[in-house]
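Asker: Next comes the sequence, and after it the predicted model I'd like to discuss.
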Amino acid sequence: MALDVFLELVEIKAKTASVVPFLLGMGFSLYYFHSINWTLAIIFFVAMLLFNMAVDMLDNYNDYNHAVDQQNYKQKTNIIGRENLSPQLVLALLVTFSVVAALMGFWLVYRAGWPVLWMGMFCFAIGIWYSSGPYPISNLPFGEIAAGFTMGVMITLLSVYLNAYQYFTWNWATLWRILVVALPDELWISNLLLANNICDAQEDEDNHRKTIVHFIGKRNALAAFSIKNILAFVMIVISPLLGVAPWTVWLSLVILPFTYHQNKLLAQKQIKTETFICAVKILLVGSATQLITYWFGIII
């Protein structure tokens, strides 16, 4: 398998969606708890990346095997059919990546305690169920929420806990503070999936996938997309007021015109090859800006 094909198979371009919450969690741990555990953080990062790649391979593998559209989607769109990859090889790779990630996770449980196990099990369950079983999450109305929460919130929470487990207190106040910081990423990640489902509405119907767009329609889905972008900036604005982020995150507001423009382009036209990139740009620019301004405040 060529490297460029492998990178597309694991959807390497989408890994920002997991790396940024990890780094944001480290920043929160340092800012709020004044603690970083480098060894645990590095092991978690590798395990997280391996499992994330395994989930994306599983998604492609299941889509290939369950495709109703044999001619167009299975042979021309899905990377396994398009690149003539061996499904057995893809399955072996995703199982290997998952096992290695799980072993690293057990080591983290040994070092940091049982909460890592419960959070890890939740993430593994969502990752596997997302595209597997008789009712995959990706084909259901809450696919965006499940994936966005797991990547945007749970990765941040795990990162915070592993870097500050010695000082971490499990209560609603702590969880609320972490949620405020993590929510912009969660909203932008779920919006990426929502935009994908908006653009793929007809393809999903052809393959019997009933996402949220099937139930609420494109118009309401686009309205939800806009509302979540607004809510992301609301969370950024209030986070310093709650003492969970440095004031420098307010500098993120400089990207408001950019976000508005990309939002408007998607609202005007929903074509995968032309405007899905708008959601990608919002996620990349938005999450990177929040992360950079957060760490900038820590440094100064």
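Answerer: It's in.
Asker: burial of Gly152, as a residue count?
Answerer: Gly152 sits with 26 neighbouring residues when counted by other Cβ atoms under 10 Å. Using the backbone N, CA and C atoms, a C-beta is placed for each residue, glycine as well.
Asker: mind checking how far the closest residue to Tyr165 other than its chain neighbours is from Phe168?
Answerer: By the measure of Cβ to Cβ, 6 or more residues apart in numbering, the closest residue to Tyr165 outside its immediate chain neighbours is Ala112, 4.6 Å from it. Spatial separation of Ala112 from Phe168 under the definition Cβ to Cβ, to the nearest Å is 9 Å.
Asker: Between the two, which contacts overlap?
Answerer: Among the neighbours of Ala112, those also in contact with Phe168 (Cβ atoms under 8 Å, 6 or more residues apart in numbering) are Tyr161.
Asker: Give the ranges of residues in this protein that sit below the confidence cut-off.
Answerer: Low-confidence segments of the chain (pLDDT under 70): 66-76, 206-208.
Asker: which stretches of it form helices?
Answerer: 3-9, 16-28, 38-66, 79-82, 87-112, 114-129, 143-148, 155-164, 172-199, 201-206, 212-238, 256-268, 272-299 (DSSP state H).
Asker: Counting by contacts, list what the fifth one packs against.
Answerer: It refers to helix 87-112. The elements that helix 87-112 packs onto, with contact taken as 3 or more Cβ pairs under 8 Å, 6 or more residues apart in numbering; DSSP states H and E, are helix 38-66, helix 114-129, helix 155-164.
Asker: quick one: contacts for the closest residue to Leu40 other than its chain neighbours?
Answerer: Once its chain neighbours are removed from consideration, Leu40 has its nearest residue in Leu162; the separation is 4.5 Å (Cβ to Cβ, 6+ apart). The contact partners of Leu162, by Cβ under 8 Å, 6+ apart, come to Asn37, Leu40, Ala41, Phe44, Leu108, Ala112, Val116.
Asker: any idea how far Leu162 lies from Met151?
Answerer: Taken as Cβ to Cβ, the span from Leu162 to Met151 is 16 Å.
Asker: closest to Gly81 among the contacts of Leu162?
Answerer: Proximity to Gly81 was ranked across the contacts of Leu162 by Cβ to Cβ; first place goes to Phe44, at 34.3 Å.
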